[in-house]
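1. dropping a prediction and its sequence here:
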Amino acid sequence: MSEEISILPIQSFYSLDDRTVAATVLHQEPLIMKFERLLTDDECRQLIKAAAPRLRDSKLVNNVTSQIRTSRGMFFEEEENPFIHRIEKRISALMNVPIEHAEGLQILHYSPGQEYQAHYDFFGPNSPSAENNRISTLIIYLNDVEAGGETVFPLLDLEVKPERGSALYFEYFYRQQELNNLTLHSSVPVIRGEKWVATQWMRRQRVREYGLISS
Ligand SMILES: O=C(O)CCC(=O)C(=O)O
Ligand SMILES: [Fe+2]
């Protein structure tokens, strides 16, 4: 085991402003954790309802549609309304990264057969976005999926089943690139039912301007 320091201090419980969240370590390095009941059923339903009419075919970073990600998605504006802002604040407190470093919250919807093939969330060294690269990810499951739709880390032999309100966390800001490379992950095809997730990506440096003024 190397002596790398994680962004998130490892704890069994995280006390946030309005709730305490129980955590399980799924993998130590790179750190991968599962959180229980980060969002209430009601909050999950509210996110789905707000996102549903705004879904578009998912684009990759370079703005092309692709067979790699066949789901549909949307981004909320940063601090779009008090409800979104409350959730963003809870997420950034949990992820231990200031809200100014948070991209807009993304919602993805997968129908049966839809998937997100193995990929990294960080940008490759040739991407202009790599200057202020992503460092960590939180995937919040907004519903229970009847069959399929697990998030899989093929290099770590790890599989996470979606459960409404729970969340999957992983980070890739290690000095050893081999650790970051182990965070390769995919969303395997939904077999029955549908799958809704909210994804929060954090950047190494600030990406928000006006997050500075509101609290
Ligand atoms: O839907 C999932 O389980 C994975 C989503 C994902 O990898 C992403 O949004 O980057
Ligand atoms: Fe991802």
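-> Thanks, I have it. Numbers count the residues shown, from 1 in each chain. Ligands and ions are numbered 1, 2, ... in the order given.

2. partner strands of the lowest-mean-pLDDT helix or strand in the chain and their direction?
-> In the chain, no helix or strand scores lower on mean pLDDT, DSSP states H and E than strand 56-57, which sits at a mean of 88. If you go by DSSP bridges, strand 56-57 pairs up with strand 72-75 (antiparallel).

3. for the helix or strand just after the strand it pairs with, packing partners?
-> Proceeding N to C from strand 72-75, the next assigned helix or strand is helix 82-95, under DSSP states H and E. In terms of contacts (3 or more Cβ pairs under 8 Å, 6 or more residues apart in numbering; DSSP states H and E), helix 82-95 is packed against helix 41-51, strand 134-141, strand 195-203. All C-beta atoms are positioned from the backbone trio N, CA, C, and that covers glycine.

4. quick check: residues of the chain near ligand 1?
-> 108, 116, 121, 139, 151, 185, 187, 197, 199 (Cβ under 6 Å from any ligand atom).

5. cutoff 5 Å now
-> 151, 187, 197, 199 (Cβ under 5 Å from any ligand atom).

6. now mean neighbour count too, for the helices and strands packed on helix 82-95, in JSON lines please.
-> Listed next are those as JSON lines, based on neighbours: other Cβ atoms under 10 Å:
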{"stretch": "helix 41-51", "mean neighbour count": "16"}
{"stretch": "strand 134-141", "mean neighbour count": "24"}
{"stretch": "strand 195-203", "mean neighbour count": "23"}
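
7. can you redo those as CSV with mean pLDDT and distance to residue 164?
-> Below are these laid out as CSV (pLDDT from 0 to 100; distance: least, Cβ to Cβ, whole Å):
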stretch, mean pLDDT, distance to residue 164
helix 41-51, 98, 5
strand 134-141, 98, 6
strand 195-203, 98, 9
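
8. pLDDT score assigned to the closest residue to residue 79 other than its chain neighbours?
-> Closest residue in space to residue 79, ignoring its immediate chain neighbours: residue 85 at 4.5 Å, by Cβ to Cβ, 6 or more residues apart in numbering. Residue 85 carries a pLDDT score of 96 in this model.
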